[in-house]
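Visitor: model the following, please.
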Amino acid sequence: MSGEPEPISAEARRAVRRERDELRTERDAVAATLGDGDAPGDEADRADELRRADRLRRIDDRLDELTERLRRADTAGPPREDVIAVGTTVRVRFGDGTERTLSIGETATPEDLDVVTADSPLGLALLGHRAGARVDYQTPGGPDTATVVSLG
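Guide: This next block holds a predicted model:
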């Protein structure tokens with residue numbers, strides 16, 4: 001993600017909000033387990049407290065990122081529908097002739113088999129292109145091509 005305003009689709013916005021809401025719930029649960037720092041305990045208790053405090057800091061950092069992402073999306077306005085951007089669903093024909101429908105996302109989990117992150121080689125190659133465009137990108141097996149069949 002850059003610091004520039006970047007539009008995202010309604011679907012991507014819902015995903016960012018969902019992650020933010022889940023993290024807020026997790027943050028509340030972690031924060032509730034932290035003591036005031038004056039409670040007696042052995043080294044293991046103090047080490048556990050430090051781990052929870054570190055987890056809380058990481059959650060807060062991610063919450064800040066998600067909040068900033070939504071702010072930038074609000075500034076940018078709605079995404080263009082005629083070019084590939086974060087949140088776009090796109091039908092792609094690969095160099096071997098196979099076709100797949102993919103979503104361009106900011107993040108993906110191993111379960112998201114149809115999500116290509118915007119910062120991956122294929123995602124970077126597709127961003128800003130229209131239907132009919134042919135893009136080159138690098139795979140672990142070497143260079144490959146993809147043709148944008150359609151958007152949406």
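Visitor: can you list the residue ranges for helices in the protein?
Guide: 10-33, 43-76, 121-126 (DSSP state H).
Visitor: what residues of the second one count as buried?
Guide: The neighbour-count criterion (16 or more other Cβ atoms under 10 Å) identifies 49, 52, 55-56, 59, 63, 66, 69, 72-73 as the buried residues of helix 43-76. All C-beta atoms are positioned from the backbone trio N, CA, C, and that covers glycine.
Visitor: the bottom helix or strand of this protein by mean pLDDT?
Guide: Counting by mean pLDDT, DSSP states H and E, the chain has its least confident helix or strand at strand 115-117, which shows a mean of 86.
Visitor: who touches Glu99 in this structure?
Guide: Going by Cβ atoms under 8 Å, 6 or more residues apart in numbering, Glu99 touches 91-93, 149.
Visitor: if we go to 6 Å?
Guide: Neighbouring residues of Glu99 by Cβ atoms under 6 Å, 6 or more residues apart in numbering: Arg93.
Visitor: for the closest residue to Arg24 other than its chain neighbours, give its distance to Asp21.
Guide: Closest residue to Arg24 apart from its sequence neighbours, by Cβ to Cβ, 6 or more residues apart in numbering: Leu63 at 6.9 Å. Here Leu63 is placed at a distance of 10 Å from Asp21 (Cβ to Cβ, to the nearest Å).
Visitor: give me the below-cutoff pLDDT ranges for the chain.
Guide: 1-6, 36-41, 79, 109 (pLDDT under 70).
Visitor: center of it - which residue?
Guide: Geometric centre of the chain, nearest residue: Thr107, 2.3 Å, by Cα atoms, centre = their mean.
Visitor: ok, it to Arg130 distance?
Guide: Distance check for Thr107 against Arg130: by Cβ to Cβ, it reads 25 Å.
Visitor: repeat for Ala15
Guide: Between Ala15 and Arg130 the computed distance is 24 Å (Cβ to Cβ).
Visitor: for those two, indicate the residue with more neighbours.
Guide: Between Ala15 and Arg130, counted using other Cβ atoms under 10 Å, the more crowded position is Ala15 (19 against 12).
Visitor: what's the closest non-adjacent residue to that one?
Guide: Spatial nearest neighbour of Ala15, excluding adjacent residues (Cβ to Cβ, 6+ apart): Gly105 at 7.4 Å.
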